[in-house]
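> Coordinates only, no sequence provided:
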């Protein structure tokens, strides 16, 4: 037995009588990441359709503010109790038991976690329904009058869906540990589809406030549908589950022990987003909605490219067996390859948000009540997010490595540092800075995403330094990053020229003309620069499209 950095033992292959084995090859990891990315792409694509319909019917109105703020509370609780915490506490333990072929212990862990979550969610929904007025004062203290009253109604409608979404996250933990990645990440398509249907069905026949209430009810129905599509496969994989909330089993105790710091760590991240909304609610109306629109866009590459790699790597890292040195070498090699893949996709995304953010925003949202001024506003917020896009995505990956080591406390410490930096910089950038620059106060919303990005870089630096003492320094060469940024910037220039040369056409047409061109130019530039990830992507595209090599 050896220490895991917290004074607790790590079971190695030798101690459990299992021959040391290498983790799956990088090709398997890449295949799993593709499955996650496809699932996320499907859910995010329908999410963009949902947001476009949302923008069409609500624009940047006070009702839009209320609905965006209302969704923040269920999303906060889902993230606290759901996927993030389960990824940190449940998946590493459950996946390790599966790797050791201890199926009985795995079923005990899965059943105990399911029972505990079910009980906790029942209590949470009851308390949440009663405490909604006070929660609104915490989440959106700047809301008053009709906007506050509508937000209270919407949150009370949405609360039952929280329990359903958290149980859906439990299904995700089971499915991911069994290497069934696509279904769990594609399941939110059902949630989006029900909301879109409600918007299209009632959008032209009801007032904005009544429509918002119907959208909230549709979200609850969609939560049930999202759980329903995952549950049958999950139960088949998990087997017969002994439901109970006792903690006699050692593996169960490990999950519960890691749950608290993971919960607090996830809570710190959610508090950061919550503080952004609090500060935005103190800005002129429309800031909360605009921040929500921008968040949908800037979280897309984080989810599509960052989460896909992280979600695929966590069960594989957690399944690594062998001596401490062998596990460290395996984790470091996996992490370095994953960091390169993440950077290859995230760098051009950040460039696009700055250079082509108006094209992206208009293509998605320019419809109905969402006009040209709203496009410029969201673009500014989106450009601010680009500063920390790479840092926040890499930080997710490094945190997952700690979780694989069953260490949830170290990421918590650095998340607290990030929170403090986000709050301090956010207040500075949201309020005094616009006055100093002589711009309208509403542009403080862009300062919020900029400050969060700078704080993200601080967190990343701290995570890397601490991880280097555990598994060795994970390398992401500056030369590679310089080539990626150069390729992204060089590809944006022709894309901008194409945008300027187009006649006055529909924003979707502009997006279809400009954005694929930017992507193709970036791939060509990275191929010319000899970047291995570009060659791998090109080879994958050729094989799927049956294009012969030149």
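Arrived safely, thanks for sending. What you see is a predicted model; the values in this text were computed from it and never measured.
> show me where the stretch 51-200 of the chain has helices.
Secondary structure of the stretch 51-200 of the chain by DSSP state H, counting those that start in this stretch: the helices cover 62-81, 83-99, 103-139, 145-177, 181-186, 188-202.
> gap between the closest residue to residue 441 other than its chain neighbours and residue 375?
Leaving aside its sequence neighbours, residue 441 sits nearest to residue 434 (C-beta to C-beta, 6 or more residues apart in numbering; 5.5 Å). Where C-beta positions appear, they are placed from N, C-alpha and C, glycine not excepted. Distance, residue 434 to residue 375, by C-beta to C-beta, to the nearest Å: 19 Å.
> Compare the two and say which is more crowded by neighbours.
For residue 434 versus residue 375, neighbours defined as other C-beta atoms under 10 Å are more numerous around residue 375 (22 against 19).
> Report pLDDT for that one.
For residue 375, the pLDDT comes out at 94.
> Please report the distance of it from residue 446.
14 Å.
> How about residue 280: what's its closest non-neighbour residue?
Using C-beta to C-beta, 6+ apart, the nearest residue to residue 280 is residue 287, at 4.3 Å.
> Surely that neighbour touches residue 443?
No: in this structure, residue 287 is not within contact of residue 443 by C-beta atoms under 8 Å, at 9.2 Å.
> which SS state does residue 283 fall under?
Recorded secondary structure, residue 283: coil (DSSP: H, G, I helix; E, B strand; the rest coil).
> Now for it: which residues touch it?
By C-beta atoms under 8 Å, 6 or more residues apart in numbering, residue 283 lies in contact with 142, 430, 441-442, 444-445.
> again, only this time at 10 Å
Counting by C-beta atoms under 10 Å, 6 or more residues apart in numbering, residue 283 makes contact with 142, 290-291, 430-431, 434, 440-445, 447-448.
> Test my guess that residue 163 contacts residue 125.
Yes: counting by C-beta atoms under 10 Å, residue 125 is a contact partner of residue 163 at 5.4 Å.
> What pLDDT does the model give residue 132?
83.
> Run a quick neighbour tally on it.
So residue 132, with other C-beta under 10 Å, has 21 neighbours.
> which one of residue 287 and residue 443 has more residues nearby?
Counted by other C-beta under 10 Å, residue 287 and residue 443 do not tie: residue 287 has more neighbours, with 28 against 20.
> so that one makes contact with residue 434?
No: using C-beta under 10 Å, residue 287 makes no contact with residue 434, being 11.4 Å away.
> Can you work out which residues contact both of the two?
441-446.
> most surrounded residue in those?
residue 445 (29 neighbours).
> Hmm, it is touching residue 379, no?
No: counting by C-beta under 10 Å, residue 379 is not a contact partner of residue 445; they are 11.5 Å apart.
> Give the intersection of the neighbour lists for the two.
Common neighbours of residue 445 and residue 379 (C-beta under 10 Å, 6+ apart) are 290, 294.
> What's the local residue count around residue 432?
Neighbours around residue 432, by other C-beta under 10 Å: 12.
> all strands of the chain, in order?
2-3, 9-10 (DSSP state E).
> least reliable of the ones you listed going by mean pLDDT?
Lowest mean pLDDT of the strands of the chain: strand 9-10, a mean of 32.
> which residues touch residue 187?
39, 42-43, 168, 171-172, 175, 225-231.
> what about it, distance to residue 163?
Counting by C-beta to C-beta - residue 187 and residue 163 are separated by 16 Å.
> do residue 446 as well
35 Å.
> And for residue 349?
Separation of residue 349 from residue 163 (C-beta to C-beta): 34 Å.
> Residue 195: which of the shared contacts of residue 287 and residue 434 is nearest?
Checking the shared contacts of residue 287 and residue 434 against residue 195 by C-beta to C-beta gives residue 445 as the nearest, at 24.3 Å.
> Now for the closest one: which residues touch it?
Contacts of residue 445 (C-beta under 10 Å, 6+ apart): 276, 279-280, 283-284, 286-291, 294, 377-378, 380-381, 384, 429-430, 434.
> For residue 220, see how far away the most centrally placed residue in the chain is.
The structure's the chain has its C-alpha centroid closest to residue 303; by C-alpha atoms, centre = their mean the separation is 4.7 Å. Here residue 303 is placed at a distance of 23 Å from residue 220 (C-beta to C-beta).
> repeat for residue 337
Taken as C-beta to C-beta, the span from residue 337 to residue 220 is 41 Å.
> Now do the shared contacts for residue 375 and residue 446.
Common neighbours of residue 375 and residue 446 (C-beta under 10 Å, 6+ apart) do not exist.
> hmm, back to that, wait, the residue nearest to residue 441 sits on residue 440?
Yes: here residue 434 reaches residue 440: they are 6.9 Å apart, a contact under C-beta under 10 Å.
> show me the contacts for the nearest residue to residue 272 once chain neighbours are set aside.
Closest residue in space to residue 272, ignoring its immediate chain neighbours: residue 422 at 4.8 Å, by C-beta to C-beta, 6+ apart. Contacts for residue 422 (C-beta under 10 Å, 6+ apart) come out as 268-269, 271-273, 275-276, 388, 448, 451-456, 458-459.
> Sitting in helices, which of these do you find?
268-269, 271-273, 275-276, 448, 451-456, 458-459 (DSSP state H).
> Nearest to residue 324 among these?
residue 459 (26.1 Å).
> so how far is residue 516 from the spatially closest residue to that closest one that is not a sequence neighbour?
Counting by C-beta to C-beta, 6+ apart, residue 459 lies nearest to residue 418, which is 4.0 Å off, once chain neighbours are set aside. Residue 418 is 35 Å from residue 516, where distance means C-beta to C-beta.
> more crowded one of those two?
Neighbour count, other C-beta under 10 Å: between residue 418 and residue 516, residue 418 has more, with 26 against 11.
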